[in-house]
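>>> Attaching a predicted model along with its sequence, questions to come.
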Amino acid sequence: GEDVEQSLFLSVREGDSSVINCTYTDSSSTYLYWYKQEPGAGLQLLTYIFSNMDMKQDQRLTVLLNKKDKHLSLRIADTQTGDSAIYFCAEIKAAGNKLTFGGGTRVLVKP
Amino acid sequence: KAGVTQTPRYLIKTRGQQVTLSCSPISGHRSVSWYQQTPGQGLQFLFEYFSETQRNKGNFPGRFSGRQFSNSRSEMNVSTLELGDSALYLCASSLAWGSSDTQYFGPGTRLTVL
């Protein structure tokens, strides 16, 4: 199976919070990333967290990391229609720059 | 500062042809990685370059190759194209080679093989 797993789809109402979940299997991962992809576009880096951290907050984004369960989540506060996109989590290991991506979560924000 | 640029943005080729894609990293960035994105396989790592040397390679056939120039610009080449090579090819740049360097992606080149 994949090293990184995500749920396929999330629907949320505008103004609510969104929580996107990700699980990874390699405990040697050093950095974990969240990227956003809009239709026809490349990947936009949203935020990242180092493996020795539990939480990171950046404006509307909050990343939580549970190393014991190898679980990563991205919370988007006050979700807007412009947040509709596919969100990818990714891990990077000790050597090199190779990113291993999850399959992506499609987020649909309803007005 | 300009972002990662990729050219061309769109390509249509036929089976058996070969193609070359180009990536210019963010100014000052010396590491370039390439990824293939398809609906079926998702995002898969192709290879990464730093200081004109390939540092890591993904699980792709030898038809996929790349190189990096002294100005850090990179090209990837796919020979003897197959229908399954149709994909979005993404390039990412980072300052150096190592796990602490954040990667920034370009808009991608969409390749269609007919």
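Happy to help now that I have it.

>>> So which bits of stretch A:46-61 are buried?
A:46, A:47, A:48, A:49 (16 or more other C-beta atoms under 10 Å in any protein chain shown). Every residue, glycine included, has its C-beta placed from N, CA and C.

>>> What about those residues, which are in helices?
Among those, DSSP state H puts none in helices.

>>> Which ones, among these, also lie beside chain B?
residue A:48 (C-beta under 8 Å from any C-beta of the partner chain).

>>> from the buried residues of stretch A:46-61, which single one is nearest chain B?
Comparing the buried residues of stretch A:46-61 against chain B with C-beta to the nearest C-beta places residue A:48 closest, at 6.3 Å.

>>> Give me the residue ranges of chain B where confidence is low.
B:1, B:99-100 (pLDDT under 70).

>>> switch the cut-off to 80
With pLDDT under 80 as the threshold, chain B has low-confidence stretches at B:1-2, B:97-101.

>>> Run through the residues of chain B sitting next to chain A.
B:4, B:6, B:31, B:33, B:35, B:42-43, B:45, B:48, B:50, B:55-56, B:58, B:90, B:92, B:94, B:97-108.

>>> burial measure for residue B:35, as a count.
26 (other C-beta atoms under 10 Å in any protein chain shown).

>>> name the element the residue nearest in space to the middle of chain B belongs to?
For chain B, residue B:34 is the residue whose C-alpha lies nearest the centre (C-alpha atoms, centre = their mean; 3.3 Å). Following DSSP states H and E, one finds residue B:34 within strand B:31-38.

>>> What residues sit buried inside that strand?
B:31, B:32, B:33, B:34, B:35, B:36, B:37.

>>> Identify the residue nearest residue B:49 in space, chain neighbours excluded?
Counting by C-beta to C-beta, 6 or more residues apart in numbering or on different chains, residue B:68 is the residue found nearest to residue B:49 once chain neighbours are left out, at 3.7 Å.
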